[in-house]
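Peer 1: All I have is the shape, not the residue letters:
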């Protein structure tokens, strides 16, 4: 296989499972590397050298960091999401021909959430990829959509009080929510690198892959979580408009982080936290030869 992969963000919540999956499938690739931006971070990854993984010590924005790699998978978190355009420029200058930006969430092409403040940097990255693909005909990219991480759907951030066994959600009980477990997202993503590239976006350079393990309602999610833990949660539903008000208040107070986080707080119970919500979209699970964990199986794995 002539594909050589550079993983950015290997120490993160998704980056670590992606790295483990790359190691598991390493024989399918010509070379695998991870980017470390300091000697201290490089030292933390010294163990991967025994797995025949390269540790590249360099800058996100230096083309030399990307030399000898054909593909980049960016798993950067919120703090670096807005820097991906510079990473893309450096990657192309270093010879990279395919790029996976940090996506792995709901389909942000849905008009109802396309302008959400939380997704602003992702939208800018998408626009930058499209522009660069026009300038570089041999450059292609993949947008990977998975729904919400199953392991994150019941965070306190989304209104779960696990001590009092109560949920305060902005949305409705019958709102659809899509999810896929983090290990399965890693499996899907690395396996997708081996699929022949077939553009399906607005240009011949863009491919979107949508996978999703479970699509259910928010209340059924709450009930399944309770069943796995052997408890019963009491749900309280609040108007999404209340979260919008808190987002506006944060913006007026100059609290940018609060503004960003309140924008996504209603996602899980809004009906738009799904991978297949855009008009004409469909799931691509059938492109892969494994069956992902269901919501119930993930909850059972975590709590039993």
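Peer 2: Yep, that arrived. These figures come from a predicted structure and were not determined experimentally.

Peer 1: if we look at stretch 239-250, which residues are touching it?
Peer 2: 117, 170-171, 256, 258-259, 262-263, 265-266, 270 (C-beta atoms under 8 Å, 6 or more residues apart in numbering). Quick note: C-beta positions are derived from backbone N, CA and C, even for glycine.

Peer 1: I'd like the next helix or strand past the longest helix seen in the chain.
Peer 2: Determined from DSSP state H, the single longest helix within the chain is helix 120-135. Heading C-terminal from helix 120-135, the first helix or strand you meet, by DSSP states H and E, is strand 140-145.

Peer 1: Report the angle between that next one and helix 120-135.
Peer 2: 150 degrees (axes from the mean of the first three to the mean of the last three C-alpha atoms, to 10 degrees).

Peer 1: Name the strands paired with strand 140-145 and say parallel or antiparallel.
Peer 2: Neighbouring strands of strand 140-145 in its sheet, by DSSP bridges, are strand 98-100 (parallel), strand 206-210 (parallel).

Peer 1: what residues are up against residue 170?
Peer 2: So residue 170 contacts 159, 237-240, 242-243, 265-266, 269-270 (C-beta under 8 Å, 6+ apart).

Peer 1: Excluding sequence neighbours, find me the nearest residue to it.
Peer 2: residue 266 (3.7 Å; C-beta to C-beta, 6 or more residues apart in numbering).

Peer 1: Quick check: which element contains residue 246?
Peer 2: Using DSSP H and E, residue 246 falls in helix 240-252.

Peer 1: try residue 168
Peer 2: strand 166-170.

Peer 1: Now do the buried residues in the helix holding residue 246.
Peer 2: Applying a neighbour-count criterion of 16 or more other C-beta atoms under 10 Å, one finds 240, 243, 246-247, 250-251 buried in helix 240-252.

Peer 1: Confirm that residue 34 sits in a helix.
Peer 2: No - counting by DSSP: H, G, I helix; E, B strand; the rest coil, residue 34 falls outside a helix, being strand.

Peer 1: so where do the helices sit in the stretch 51-200 of the chain?
Peer 2: Under the criterion DSSP state H, counting those that start in this stretch, the stretch 51-200 of the chain contains helices at 78-81, 84-93, 120-135, 182-192.

Peer 1: neighbouring contacts of the last one?
Peer 2: What that stands for is helix 182-192. Contacts for helix 182-192 (C-beta under 8 Å, 6+ apart): 13-14, 17-18, 20-22, 24-25, 73, 100, 104, 142, 144, 146, 149-151, 180, 209, 211, 213, 287-288, 290, 292-293.

Peer 1: Buried ones from the residues you listed, can you make that a ChimeraX selection?
Peer 2: To isolate the buried members of these in ChimeraX, using 16+ other C-beta under 10 Å:
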select :14,17,18,20,21,22,25,73,100,104,142,144,146,149,150,151,180,209,211,213,288,292,293
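
Peer 1: Throw the buried residues of helix 240-252 into CSV and include distance to residue 230 and pLDDT, thanks.
Peer 2: Formatted as CSV, those follow (distance: C-beta to C-beta, whole Å; pLDDT from 0 to 100):
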residue, distance to residue 230, pLDDT
240, 31, 97
243, 31, 97
246, 33, 97
247, 36, 97
250, 37, 97
251, 41, 96
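
Peer 1: Tell me what the spatially closest residue to residue 146 that is not a sequence neighbour is bridged to.
Peer 2: Distance criterion C-beta to C-beta, 6+ apart; nearest residue to residue 146, sequence neighbours excluded, is residue 180 at 4.5 Å. When bridges are called by DSSP bridges, residue 180 pairs up with residue 149.

Peer 1: what's near enough to touch residue 180?
Peer 2: Taking C-beta under 8 Å, 6+ apart, we find residue 180 in contact with 146-147, 149-150, 188, 211-214, 275, 292.

Peer 1: With respect to residue 3, which of those is nearest?
Peer 2: Of all the contacts of residue 180, residue 3 sits closest to residue 188, with 16.3 Å by C-beta to C-beta.

Peer 1: quick revisit: buried ones among the contacts of residue 170?
Peer 2: 159, 237, 240, 243, 265-266, 269-270.

Peer 1: thinking again about what came up before, which among the contacts of residue 180 gets closest to residue 225?
Peer 2: Among these, residue 150 lies closest to residue 225 (C-beta to C-beta), at 10.1 Å.
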